[in-house]
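> I need the structure of the sequence given here:
(chains A and B)
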Amino acid sequence: MAKQYDTVIGLEVHIELATKTKIFCGCSTEFGGAPNTHTCPVCTGMPGSLPVLNKQVVDYALAIGLATHCHITQVCKFDRKNYFYPDNPQNYQISQLYLPIARDGWVEIETGSGKKKVRIHEMHMEEDAGKLVHDEWDDTSLVDYNRSGVPLVEIVSEPDMRSAEEVIAYLEKLRHIVQYLGASDCKLQEGSMRADVNLSVREVGSDTFGTRTEMKNLNSFKAITHAIEGERKRQIELIEEGKKVVQETRRWDDNKESSHAMRSKEDAKDYRYFPEPDLVPIVIDDEWIARIKNQEPEFRTEKLERYKKEYDISQVDAEILTESKKMAELFEATAALCKKPKKAANWLMVETMRLLKDNAMEPQDLRFSPENLASLIDLADAKTINSSVAKEVFEQIFLHDVDPKAYVKDHGLMTVNDEDALRQTLTEVIAANPQAVADYRGGKEKALGALVGQTMKAMKGKANPGRVNELLREML
Amino acid sequence: MDILSLSAVELGKKIKAGEISAMEATKASLAQIAAEEPRIHGYVTVDEEGALKQAEEIQKRIENKELTSPLAGVPTAIKDNMCIKGQLTTCSSKILSNFKPTYTAEAVKNLQKAGAVILGKTNMDEFAMGSTTETSYFGPTMNPHDTNHVPGGSSGGSCAAVAARECYYSLGSDTGGSIRQPSSFCGVVGMKPTYGTVSRYGLIAYGSSLDQIGPITKDVTDCAAVLTAIASWDKKDSTSVKRADYDFTSALTEDVKGLRVGIPTDYFTDGLNLEVAGAIRAAARVLAENGAVVEEFDLSLVKYAIPAYYVIASAEASSNLERFDGVKYGYRTPEYEGLHNMYKKTRSEGFGAEVKRRIMLGSFVLSSGYYDAYYLKALRTKALIKAAFDKAFESYDVILAPAAPTTAPELGKSLSDPLKMYLSDIYTVSVNLAGLPGLSIPVGKDKKGLPIGMQLIGNHFQEKTLLRAAYTYERATGKEA
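Predicted coordinates for the structure are as follows:
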């Protein structure tokens, strides 16, 4: 029988924090400015410039550390990590090695095989690097320091995960926590959340770890899943062939769906870490911790449970609604305004999700107000508008946050309940569609639908479809 | 009246009184620079045009009563490791030989606010690494008292320029004695303030945890005035300290009655030149005659200061100097193949031998496997040295010591034996390790006519005690010109 193998995975996750300014200077962190416009002597490494810590970074890091049940290092320090690369203007990165802000935490994940704790080894604060732009034509490279000094936290897990499913669950859990804290938008594709995967395999039953590799450049959950599967297979094949797994850093190539070695442990860099002398130790007193703890929001897991109880909605629906804090907030506010949680949930889960997809948007990009959605729900409930009109109006709310009452009035979209007008139109429709009328009378129920459709069209969608149905049956 | 023989504060008074204009003083200084530079080479850059323009503007602002500082209109010179916007700032290194900063150092800004006329930038040991100002890419500075001798270092240009009257005062920086030792060799007053007193923003770092900017002046009164002008709490420097009192001139009183002065016996050992030892003891007697209580005591740990200092300063320097890589500013090798070759050639060609030695030393002590044995041990030693000083300051207000074991060595005699050169920092480095204020004041000359400096060391934030003791000494002995 073939040998069975376990996969052992630990993650290093970098998260870009949502501060307005950089970690060590007052420059904007805004994305997409013209190259080197969000820069100053500090974040371009000018001689004589000095870093000054942005307190908001500590607030966010502290919030994440507390939410992930970490032990907070109440006197923590920054260290310098020395390496030469042009995207790093000082040729050292200000990071934390010896006294990181948080240690020894955990998060609970849930997968098909149940609940499980993934331990967090440590979390530290550091600065991001700039961006290199290679001009192939000119055979030169240019550096853009707009990202240089953008604050990051790096969360290092213990090797507690055993499958891609667990890895994704862990990342989702972190993402939800951090997003709910408002500490980052955690967009994998845009790089505001990045994960490096440390993976090794061992025979089932073994209590020692195999040699691990580190996989970099994973920009989507799909890439992470494929990289884990590929690397597991690669390592098992090596072992089966009697070869050794080499401890090395590998780079995932999303196009080729394979990885290649970047550097081995032998040529691993010596970063010559030492305490950053330009910054003083950060003293986090009990009050500071208490202040952050008091600001803690209701996290997704608790929200989800509450929705099920309080609003009597299903697990699946609650999952969709709590997927992002923005969506959950919209739901709660709308439900409170119109007192119809199920309808509010429905609009958010169906139409909102569809429009998000059509417009390639994320839930956190939602801009419409709960007042307008609640008002739309009321209009539809009062049958002031019919359901197809409601969808049309909702699209306007979604895109431009219009006031549905004003919009319906301005565009004359109120449902027509005028019996005379309806009968008049129906008479015309019946006269114009003898075949359908004959079919219906011949017993084909379906033909009625066509006639209803014709009527709705003739009335520009404003008729009450239920009433149209009733009257049609009556007149035929 | 010889305008050049005035002190900075005396000149400032005369400018305010309308007896001398800022322009006249500036022109006199520029003429002196023109006359003395061939002999001294104290400057890397003389900004004649800029100085005249500043003098004109400052004179107007003095007449409009906008500028009231005692230093308004007084010409000064700045060590070439402090950034001035748009002005060449080289650290006396080839690698920054073309570098013009985009901003001005906070200490220099403070001087500009006080109405200083900046004549130019002074020569130094490359990146402040050296004790003789001979490691400058632009060639050595000569001691004005005898041009066959070095002025000391690394602020040798700043000290020589003051001694040669090429400026009324100057700014230096002190990482392990770089203000106090050359002040001693050049016969001027120099002070390293308590760490955190003067902002380091814009000072091109050598050893960040040790670097401190300070005044180099003709007398103690000027020292207090310049320190008052440059000291400030600066949010841009996280290690800057907010002090209760920034008026150092109020310390200028002749009163050392009951002042407890301790002389560390461990400083008076074999390595100390006898003439220097004699001059220091004589100076101590002057303080005693004026009412100070002078005693000898064991400071301990003295022999550990040099290794601890060179490990910490070199470690920090190896990292601080990584940014000089040819990518963003400064010198880049003209021909290279690829990034790593560019780095290697740029840095090999751009740095001098002493800088490379310290980068290698610093990289070594930080490298994995050696960090604990060297860097961490040095940090522990630093803490012990600080504790030894804390203990000494329980018994003494001032510690009195030589600034250097000898007077200025001859040119060309030091660099061939770097270890010996490092050992000559024995009396100054521990002050930086402990973050204390230290002042050097001239107390005589040796047989060859070379100046001898006495160092006064105070507890944290006790600059005023040092100024008071130095002022009393100066008054009691008659000021040296």
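> and the helix or strand where A:Thr225 lies, what does it pack onto?
Assigned by DSSP states H and E, A:Thr225 belongs to helix A:221-240. Judged by 3 or more Cβ pairs under 8 Å, 6 or more residues apart in numbering or on different chains; DSSP states H and E, helix A:221-240 is in contact with strand A:5-16, helix A:164-181, strand A:193-203, strand A:213-218, strand A:248-253, strand A:258-264. C-beta: built from backbone N, CA, C; applies to glycine.
> and the second one, C-alpha only, in PDB?
Which is helix A:164-181. Output of helix A:164-181 as PDB, limited to C-alpha atoms (Å, rounded to 0.1, in the frame of the first residue of the first chain):
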ATOM      1  CA  ALA A 164      -5.700  24.200   1.400                       C
ATOM      2  CA  GLU A 165      -9.300  24.300   2.800                       C
ATOM      3  CA  GLU A 166      -7.900  25.100   6.300                       C
ATOM      4  CA  VAL A 167      -5.600  27.700   4.800                       C
ATOM      5  CA  ILE A 168      -8.400  29.400   3.000                       C
ATOM      6  CA  ALA A 169     -10.600  29.300   6.100                       C
ATOM      7  CA  TYR A 170      -7.800  30.800   8.200                       C
ATOM      8  CA  LEU A 171      -7.200  33.600   5.600                       C
ATOM      9  CA  GLU A 172     -10.900  34.300   5.500                       C
ATOM     10  CA  LYS A 173     -11.100  34.400   9.300                       C
ATOM     11  CA  LEU A 174      -8.200  36.900   9.400                       C
ATOM     12  CA  ARG A 175      -9.700  38.900   6.600                       C
ATOM     13  CA  HIS A 176     -13.100  39.100   8.400                       C
ATOM     14  CA  ILE A 177     -11.500  40.100  11.700                       C
ATOM     15  CA  VAL A 178      -9.300  42.800  10.100                       C
ATOM     16  CA  GLN A 179     -12.000  44.200   7.900                       C
ATOM     17  CA  TYR A 180     -14.500  44.300  10.800                       C
ATOM     18  CA  LEU A 181     -11.900  46.200  12.700                       C
END
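> Just list what it packs against, helices and strands only.
If contacts are counted by 3+ Cβ pairs under 8 Å, 6+ apart, helix A:164-181 sits against strand A:5-16, helix A:55-67, strand A:102-111, strand A:114-127, strand A:193-203, helix A:221-240, helix A:300-311.
> Save those as TSV, and put in mean neighbour count and distance to B:Phe461 too.
Output for the helices and strands packed on helix A:164-181, formatted as TSV (neighbours: other Cβ atoms under 10 Å in any protein chain shown; distance: least, Cβ to Cβ, whole Å):
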stretch	mean neighbour count	distance to B:Phe461
strand A:5-16	21	41
helix A:55-67	22	26
strand A:102-111	18	35
strand A:114-127	20	31
strand A:193-203	20	46
helix A:221-240	18	55
helix A:300-311	16	52
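> and of those, who's closest to A:Lys405?
Counting by Cβ to Cβ, A:Lys405 lies closest to helix A:300-311 out of those; the figure is 25.6 Å.
> Tell me where the model's unsure across the chain.
No chain specified, so I'll use chain A. Applying pLDDT under 70 to chain A flags residues A:1, A:265-267, A:416-417.
> hm, I was asking about chain B
By pLDDT under 70, the low-scoring segments of chain B are B:1, B:479-481.
> Any idea which residue is closest to the centre of it?
Chain B has B:Ile179 as the residue nearest its centroid, 2.3 Å off, counting by Cα atoms, centre = their mean.
> Next up, phi/psi of the closest residue to A:Gly412 other than its chain neighbours, please.
Distances taken as Cβ to Cβ, 6 or more residues apart in numbering or on different chains put A:Lys462 closest to A:Gly412, at 7.6 Å, once the chain neighbours are dropped. The phi and psi values for A:Lys462, taken as degrees, to the nearest 10, are phi -90, psi -10.
> Wait, a helix at B:Gly362?
Yes: secondary structure of B:Gly362 (DSSP: H, G, I helix; E, B strand; the rest coil): part of a helix.
> so how far is B:Ile280 from it?
Look at B:Gly362 and B:Ile280: by Cβ to Cβ, to the nearest Å, they are 33 Å apart.
> Spell out which parts of the stretch 1-150 of chain A neighbour chain B.
Residues of the stretch 1-150 of chain A lying close to chain B (Cβ under 8 Å from any Cβ of the partner chain) are A:41, A:44-53, A:80, A:82, A:84, A:86, A:89-92, A:141, A:143.
> can you map out the helices along the stretch 351-476 of chain A?
With helices called from DSSP state H, counting those that start in this stretch, the stretch 351-476 of chain A shows them at A:353-358, A:370-381, A:387-400, A:404-410, A:419-432, A:434-441, A:446-458, A:465-475.
> and of these, who's closest to B:Ser240?
The closest of the helices of the stretch 351-476 of chain A to B:Ser240 is helix A:370-381. By Cβ to Cβ, the value is 48.1 Å.
> which residue lies farthest from the center of chain B?
B:Glu337 (40.5 Å).
> What's the separation between that one and chain A?
Per Cβ to the nearest Cβ, to the nearest Å, B:Glu337 is found 12 Å from chain A.
> name the element A:His48 belongs to?
Rather than His, residue A:48 is Gly. A:Gly48 belongs to no helix or strand when elements are defined using DSSP H and E.
> Correct me if wrong: it contacts B:Met82.
Yes: A:Gly48 lies in contact with B:Met82 (Cβ atoms under 8 Å); the separation is 7.4 Å.
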